[in-house]
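Q: mind looking at a prediction? Sequence and model below.
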Amino acid sequence: MRPRRRNRQAEEEECRGCFVFAVSSDIGDDENLDVTRDDISEGDLSPLETADDDAAAPPPPLLPRTAAPRPPLPRVLVLHTGGTLGMDVSTSFVESATRDSHVDLVAGTGGNYPPGLRPGTMLSQLLGAVPELGRLASLRLAIPYNLDSSRVGPREWVKLARILDSEREHFDAFLIVSGTDTMPFVASSLSLMLAGFGKPVVLTGSQLPLQLPRSDARQNLVDALTCATATHPAGGGARQPRLREVAVCFGGLLLRGNRAQKVHSQTYRAFESPTYPALARLGVDVDWDEARLLRPNGAYTPRFDLEPRVARIPVVPGADPRVIFGNFAENEGPRGIVLEAFGVGNFNDLEEGGFVPWIEEQRKRGIEVLLSSQCHAGELHPELYRSGRGALLAGARAGPR
């Protein structure tokens, strides 16, 4: 059966066979961030091309076919953005001089990423190393950028959000391959920019590159795609996605994207969600916590205007914020502050060296202040303390736990 052609009007432009996404960023345009028609591929096919009837057959089924016809595979767009999973092993690692059958990252490099990586090549590598992916979904792949995640910031997050927004109606789910160091930042920003998106957006990656024998990339990819394509009955014989939010799938856990946190630099279970239970645990079975899943009930309201000038400040005993930070507004510094207080929302409230007078000064200058906690669990109640109440009266807001 030939895949149906898709009609795009506002999001794309065709000129001499060239396909261009409308992904200009509110933060700043950069020609290197453009995604062209060649950047989305299903093998050697671009998304607007039609497969020939004699195209390569899908992988053979693992189990005998039943008489009942199978429903078509869900359509999933894979966005490869770099990170360890796709790292060039031949130039990034050397044999360890101290540990048998082990390799070490070349010191001072942080790893190397294949230059000029093409979507068709990357998709072929994924399906060659993890053929199970082709049994779970019909995959298309795009490479918005191929970077170490420490080099990724708000401009790239906006780019991803715009791609997801423009492709929302054309795919059933989305899988984002990302570097692990800033994966929670990517997931959090997407969850806020694409509020009410209503479809699965799952981020994953790996601690070791896909090409290495003991890589965790294979299991993470299979787990992430399993969660992204999971459905349950919606009435009238129809089915709907089980997951309808942005999530991180890594090390056998599916976590809410804006609650995930990288907690270990070396183990395969590198992420946790200290302030919210896991959405699913993957072992022999996939154990979903249905009560914890987000059920969007509002309109889809995408936002692409980010303010990157935000400072995260942990309260330190004895630290005078006026001496250490001064007045941010005077030097065109941050326009927002996340203040990590002690416990339920407490900190030094003395006139000399206290945080409340400093918060009052920042608020008078139009800087937003959001209170959080240094604790990994428990509720936030700054109103219980004089300092927290003073901060609230000064115009600070208390963030969720």
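A: It's in. Residues are numbered from 1 along each chain as shown.

Q: beta partners for Q261?
A: Taking DSSP bridges as the rule, Q261 bridges to E272.

Q: for it, what are its contacts?
A: Applying Cβ atoms under 8 Å, 6 or more residues apart in numbering, we find Q261 in contact with 184, 271-274. C-beta: built from backbone N, CA, C; applies to glycine.

Q: tell me the domain ranges of the protein?
A: 12-50+72-90+109-292, 310-398 (automatic domain parsing).

Q: how about JSON lines for those, with mean pLDDT and distance to P302 added?
A: Listed next are those as JSON lines, based on pLDDT from 0 to 100; distance: least, Cβ to Cβ, whole Å:
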{"stretch": "domain 12-50+72-90+109-292", "mean pLDDT": "84", "distance to P302": "5"}
{"stretch": "domain 310-398", "mean pLDDT": "90", "distance to P302": "20"}
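
Q: out of these, which gets nearest to Y300?
A: domain 12-50+72-90+109-292 (4.0 Å; Cβ to Cβ).

Q: now a PyMOL select for only the buried ones of the contacts of Q261.
A: Typed into PyMOL, the next command selects the buried ones out of the contacts of Q261 (criterion: 16 or more other Cβ atoms under 10 Å):
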select buried, resi 184+271+272+273
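
Q: the domains of the chain: which one's closest to A299?
A: That would be, of the domains of the chain and by Cβ to Cβ, domain 12-50+72-90+109-292, which comes in at 5.9 Å.

Q: quick one on the thing from earlier: tell me which of the domains of the chain sits most buried.
A: domain 12-50+72-90+109-292 (a mean of 19; mean count of other Cβ atoms under 10 Å).

Q: report the distance from that one to the chain centre.
A: 7 Å (Cα atoms, centre = their mean, to the nearest Å).

Q: what does stretch 346-360 give?
A: 36 Å.

Q: distance between the ends of it?
A: Using Cα to Cα, to the nearest Å, one end of stretch 346-360 lies 16 Å from the other.

Q: same thing with stretch 261-271?
A: Distance between the boundary residues of stretch 261-271 (Cα to Cα) amounts to 5 Å.

Q: quick thing: my sequence starts at 28, can you match it?
A: Done: numbering now begins at 28, and the last item shifts to stretch 288-298.

Q: spatially central, which residue of the protein would that be?
A: Compute the mean C-alpha point of the chain, and by Cα atoms, centre = their mean the closest residue is A214, 3.2 Å away.

Q: next, that residue: secondary structure please.
A: Under the three-state scheme (DSSP: H, G, I helix; E, B strand; the rest coil), A214 adopts helix.

Q: ok, it to K289 distance?
A: Here A214 is placed at a distance of 11 Å from K289 (Cβ to Cβ, to the nearest Å).

Q: wait, is E357 part of a helix?
A: Yes. Read with three-state DSSP, E357 is one of the residues of a helix.

Q: need phi/psi at the closest residue to it other than its chain neighbours.
A: Distances taken as Cβ to Cβ, 6 or more residues apart in numbering put R392 closest to E357, at 7.9 Å, once the chain neighbours are dropped. Main-chain torsions, R392, degrees, to the nearest 10: phi -100, psi 10.

Q: R392 and L144, how far apart?
A: Distance from R392 to L144, by Cβ to Cβ: 46 Å.

Q: next: F331.
A: For F331, the distance to L144 - Cβ to Cβ - is 26 Å.

Q: where exactly do the helices run in the stretch 278-427 of the chain?
A: 348-351, 382-391, 413-420 (DSSP state H, counting those that start in this stretch).

Q: dump the ones you listed into CSV; add distance to P171 as well.
A: Below are those laid out as CSV (distance: least, Cβ to Cβ, whole Å):
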stretch, distance to P171
helix 348-351, 38
helix 382-391, 36
helix 413-420, 39
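
Q: closest to T258 out of the ones you listed?
A: helix 413-420 (43.4 Å).

Q: quick one: contacts of that closest one?
A: Contacts of helix 413-420 (Cβ under 8 Å, 6+ apart): 366, 368, 371-376, 381-383, 386, 396, 398, 408-410, 425.

Q: wait, isn't R319 in contact with L306?
A: Yes. Contact criterion Cβ atoms under 8 Å: R319 and L306 qualify, at 5.6 Å.

Q: coming back round to it: just send the domains of the chain back as CSV, with distance to Y327 too.
A: As requested, the domains of the chain are exported to CSV (distance: least, Cβ to Cβ, whole Å):
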stretch, distance to Y327
domain 39-77+99-117+136-319, 4
domain 337-425, 25
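
Q: closest one to G325 among the ones you listed?
A: Once the domains of the chain are compared by Cβ to Cβ, domain 39-77+99-117+136-319 is nearest, at 5.2 Å.

Q: dihedrals phi and psi, the closest residue to L230 other than its chain neighbours?
A: Sequence neighbours aside, I203 is the residue nearest to L230 in space, at 4.6 Å (criterion: Cβ to Cβ, 6+ apart). The phi/psi pair for I203 (degrees, to the nearest 10) reads phi -110, psi 120.

Q: tell me what I203 is bridged to.
A: Under the criterion used (DSSP bridges), I203 bridges to L106, L230.
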